[in-house]
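Asks: Give me a 3D structure for the following:
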Amino acid sequence: MSFLNVKISIINRFCENFKDNFSNTQFRAFAMLPYAMLKDYKRLNLSSLAKELPINYQALQYFLVEAH
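Replies: Numbers count the residues shown, from 1 in each chain. Alright, predicted model coming up:
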């Protein structure tokens, strides 16, 4: 089973607190980040996160830089 298909209620409740701050597309990217960070990586970086998420590296970088 893909880790993105797993739903953890505490993570979902945390993310819901920020839903009003993002568009629907941005919120989907935001909500997937905690799940992607739970995976065991040799080295956690944007490139490794982008490989696990249904979003490309440039889009992930843009989201993280602009979401302030």
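Asks: Give me the contacts around stretch 16-32.
Replies: Contacts to stretch 16-32, defined as Cβ atoms under 8 Å, 6 or more residues apart in numbering, come from residues Leu4, Asn12, Cys15, Leu53, Pro54, Ile55, Ala59, Leu60, Phe63, Ala67. Glycine gets a C-beta too; all of them are placed from N, C-alpha and C.
Asks: Regarding the third one, what is its secondary structure?
Replies: So the one you mean is Cys15. Using DSSP: H, G, I helix; E, B strand; the rest coil, the structure places Cys15 in helix.
Asks: on that earlier part again, could you dump the contacts of stretch 16-32 to TSV with pLDDT and secondary structure?
Replies: TSV is the format used below for the contacts of stretch 16-32 (pLDDT from 0 to 100; DSSP: H, G, I helix; E, B strand; the rest coil):
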residue	pLDDT	secondary structure
Leu4	56	helix
Asn12	92	helix
Cys15	94	helix
Leu53	85	coil
Pro54	84	coil
Ile55	85	coil
Ala59	88	helix
Leu60	88	helix
Phe63	84	helix
Ala67	68	coil
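Asks: In PyMOL, how would I select just the buried ones from the residues you listed?
Replies: Buried subset of the contacts of stretch 16-32, written as a PyMOL selection, criterion 16 or more other Cβ atoms under 10 Å:
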select buried, resi 15+53+55+60+63
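Asks: Just give me the closest of the contacts of stretch 16-32 to Leu33.
Replies: Comparing those against Leu33 with Cβ to Cβ places Leu53 closest, at 7.7 Å.
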